[in-house]
Structure formats: structure tokens, C-alpha cells
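Peer 1: Coordinates for the following, if possible.
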Amino acid sequence: MRRKLFCEYGPLAYRISLFKEAKKKDLKDLKAHKKFAKGRSKENLPYIWKGDSKVLIRKLHGVDMELQRNKVVNLQICGKKIDGIVINPGEEFSFWNLVGTVSKRKGYLEGLMISNRKLLKGVGGGMCQMANMIHWLVLHTPLTVTEMHHHSDALFPDEKRRAPFGTGTSISYKALDYRFKNTTEYPIQIRIWLDEVYLYGEIRSTVELPDKYHLVEEDSHYAKDTDGLFYRNSKVYRIITDKASKTQKEKELILDNHSQVMYDYNLIPKEQIRGEY
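Peer 2: Predicted coordinates:
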């Protein structure tokens, strides 16, 4: 029988564990002389490097819609902590250093969370959509990701998916952060806002971006592995094109997906299965 971890002995033990992990990370950052972005401006920097919008509420198989609606509230709260942040050259963006702790006292509601490969509900759930948005924007720029944590499993069917599979990121205060560093010569700014339908995001700067960044997913399919389980497989590439000449400068493999399918196998599109089923 597995011995229980300290964090599993009730809510208080869990909070103590979170506090301990947060302090360990803070100490590590201090020793590494991390320089995190803190300044913000509500005046837009003039050039948009990348902008996008994501649907707030999706009908996910087996998920209570109330958790989706609560997620919107959580995104509104954490978005205000991020909107307008300016990351100067050499500075690093840290999701949790900006957003801080999550609690009912701060207005956060129960939303959908992923823990130990299971779908759960918890206060602040759904905020990974904010980290996903920022990561998606960053992937379309020359900024350098310094910390991210991929979702290891295929938790939902691909219905109405717009972004290539696997380009999302997991976050959990404060052990699993999302971070990127401004390795360019120019300040950049993140703008975040919501309406009733969409989450909007932009990365802006003081100069125009000379290159265009585009993500493509190739060799996408499902296959049964030697363990008898189905996996979602694909490769995601980032293509960099010079805007002026329209010539491709680079095609970089950024993801090689091999993710266990955690939903009902009957929902897998038959035409996308390789091998016998």
C-alpha cells in the first residue's frame, strides 16, 4: 500500500505544502538573480506582434457547464493582474509572480482543474486558458520560453480545435509556472481583455516584427500502443518567414506529441486511427 504524502492529509496540509513549494521556488529564483517584469502601462505600444482570440465557453464532453461559466470569472480576475504588463529587454514574465495566490476571498470560483491526470474541480480552475493564450502569442514571436509544462494526456476530443494539439500549458501555484524572457532589444507589452464570448490577447512592441511565425501540425493520427491504450500522435512545427521577401527562414520542430487518450475511445474519429481497431 502506498504511503500517503503529507499534502494528502487534508486541506490544511495541502496549503502548507503549497506554501513550502512556493518558498522553495522563490529561493531558487533569488539565487538565480531572476529579474521579473513588474511595470505596466495602459497605453498601447504601437506595433502588434501577435493578436488572437479564444472562445471562453466550450461544450466539453462530460464537463459541467457551470464550471465553464465560473472559469470566465476566474479569467476576468487574473487577467486584470496581467493586462498592460511591460517586459523590458532581459526581463522575464512569470504568470504566478503577477497573479499571486488564488482563493475564494479574492473572488475566485470553482472551475475545472487537472491534477494527477484526472479532471477535478477547484477554486481558480480554468485559469490555464490564460496561460495557454499567452503561450500561443509567445510562440508567434522571437521571445524565449523559460518554463512551461505540457499537458501529458489527450483529455478531450478534438472537436472545434483551432490550435495545433499539445500547444497548451499546465499551471499550478507556484510549482508549475509559465515564464518567458524578453531576449530581444525592445520592450514588449501584453494586453488581455474579455467580452461575453471571447478571451482576447495581444503582444505589442515599439517596433514592427520583421518575421511572420506560423504553427502547423503534421502526421496527426491515433494509434494503439503496445500497452493496449490509444495515443494521440502528431508533430508541431514553427515556420518562420521573412515578411518582406516572403521566403521561409526556418522550420523548427517544437512538439512531438504522444499523448494517452483519456476519453471514450468511441469518440475517436475512425478515419484518424492507424492500425486495426
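
Peer 1: Check the burial of the nearest residue to residue 234 once chain neighbours are set aside by counting its neighbours.
Peer 2: With Cβ to Cβ, 6 or more residues apart in numbering as the criterion, residue 234 has its nearest non-adjacent residue at 3.9 Å, and that residue is residue 220. Where C-beta positions appear, they are placed from N, C-alpha and C, glycine not excepted. When neighbours are counted by other Cβ atoms under 10 Å, residue 220 registers 15.

Peer 1: what does residue 86 give?
Peer 2: The burial count assigned to residue 86 is 20, neighbours taken as other Cβ under 10 Å.

Peer 1: Next: the one 10 residues further on.
Peer 2: A total of 21 residues lie near residue 96 under the criterion other Cβ under 10 Å.

Peer 1: Would you mind identifying the next helix or strand past the helix or strand hosting it?
Peer 2: Using DSSP states H and E, the secondary-structure element containing residue 96 is helix 95-99. Following helix 95-99 in sequence order, the next helix or strand is strand 110-115 (DSSP H and E).

Peer 1: next one: the helix holding residue 96 to chain centre, how far?
Peer 2: From the chain centre to the centre of helix 95-99 is a distance of 13 Å (Cα atoms, centre = their mean, to the nearest Å).

Peer 1: before we move on, what about stretch 208-224?
Peer 2: 16 Å.

Peer 1: what's the answer for stretch 96-113, then?
Peer 2: Shown here is stretch 96-113, whose average C-alpha point lies 16 Å from the average C-alpha point of the whole chain (Cα atoms, centre = their mean).

Peer 1: in that stretch, what's buried?
Peer 2: 96-99, 102, 108-113 (16 or more other Cβ atoms under 10 Å).

Peer 1: One more: stretch 31-40?
Peer 2: Within stretch 31-40, the residues that qualify as buried by neighbour count (16+ other Cβ under 10 Å) are 34, 37.

Peer 1: Which other helices and strands does the helix holding residue 96 contact?
Peer 2: helix 65-82, helix 128-138 (3 or more Cβ pairs under 8 Å, 6 or more residues apart in numbering; DSSP states H and E).

Peer 1: and that helix, average pLDDT?
Peer 2: For helix 95-99, mean pLDDT is 96.

Peer 1: cool, and stretch 173-184?
Peer 2: 94.

Peer 1: How about the backbone phi and psi for the nearest residue to residue 247 once chain neighbours are set aside?
Peer 2: Taking Cβ to Cβ, 6+ apart, and ignoring the residues beside it in sequence, residue 247 has residue 241 as its nearest neighbour in space, at 6.8 Å. Its backbone dihedrals place residue 241 at phi -120, psi 140, with angles given as degrees, to the nearest 10.

Peer 1: Report the contact partners of residue 241.
Peer 2: Residues counted as contacts of residue 241 (Cβ atoms under 8 Å, 6 or more residues apart in numbering) are 211-212, 214, 247-249.

Peer 1: hang on, the earlier thing: of the buried residues of stretch 96-113, just say which sits nearest to residue 46.
Peer 2: Proximity to residue 46 was ranked across these by Cβ to Cβ; first place goes to residue 98, at 23.2 Å.

Peer 1: What separation is there between the closest one and residue 129?
Peer 2: Going from residue 98 to residue 129 by Cβ to Cβ, to the nearest Å gives 16 Å.

Peer 1: OK, contacts around residue 194?
Peer 2: Listed by Cβ under 8 Å, 6+ apart, the contact set of residue 194 reads 56, 72, 75-76, 79, 200.

Peer 1: Just list whatever residues bridge to it.
Peer 2: Counting by DSSP bridges, residue 194 is bridged to residue 199.

Peer 1: Only alpha carbons, please: show the helix ranked longest in the chain as PDB.
Peer 2: With DSSP state H applied, the helix covering the greatest number of residues in the chain is identified as helix 11-31. Written as PDB, here are the backbone C-alpha positions of helix 11-31 (Å, rounded to 0.1, in the frame of the first residue of the first chain):
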ATOM      1  CA  PRO A  11      -6.900  20.900   3.200                       C
ATOM      2  CA  LEU A  12      -4.500  22.400   5.800                       C
ATOM      3  CA  ALA A  13      -1.700  20.000   4.900                       C
ATOM      4  CA  TYR A  14      -2.300  20.800   1.200                       C
ATOM      5  CA  ARG A  15      -2.000  24.500   1.900                       C
ATOM      6  CA  ILE A  16       1.200  24.000   3.900                       C
ATOM      7  CA  SER A  17       2.700  22.000   1.100                       C
ATOM      8  CA  LEU A  18       1.800  24.700  -1.500                       C
ATOM      9  CA  PHE A  19       3.400  27.400   0.800                       C
ATOM     10  CA  LYS A  20       6.500  25.300   1.100                       C
ATOM     11  CA  GLU A  21       6.900  24.700  -2.600                       C
ATOM     12  CA  ALA A  22       6.300  28.400  -3.300                       C
ATOM     13  CA  LYS A  23       9.100  29.400  -0.900                       C
ATOM     14  CA  LYS A  24      11.400  26.900  -2.400                       C
ATOM     15  CA  LYS A  25      10.800  28.300  -5.900                       C
ATOM     16  CA  ASP A  26      11.200  31.900  -4.600                       C
ATOM     17  CA  LEU A  27      14.600  30.900  -3.100                       C
ATOM     18  CA  LYS A  28      15.700  29.300  -6.300                       C
ATOM     19  CA  ASP A  29      14.700  32.500  -8.200                       C
ATOM     20  CA  LEU A  30      16.600  34.600  -5.800                       C
ATOM     21  CA  LYS A  31      19.800  32.600  -6.200                       C
END
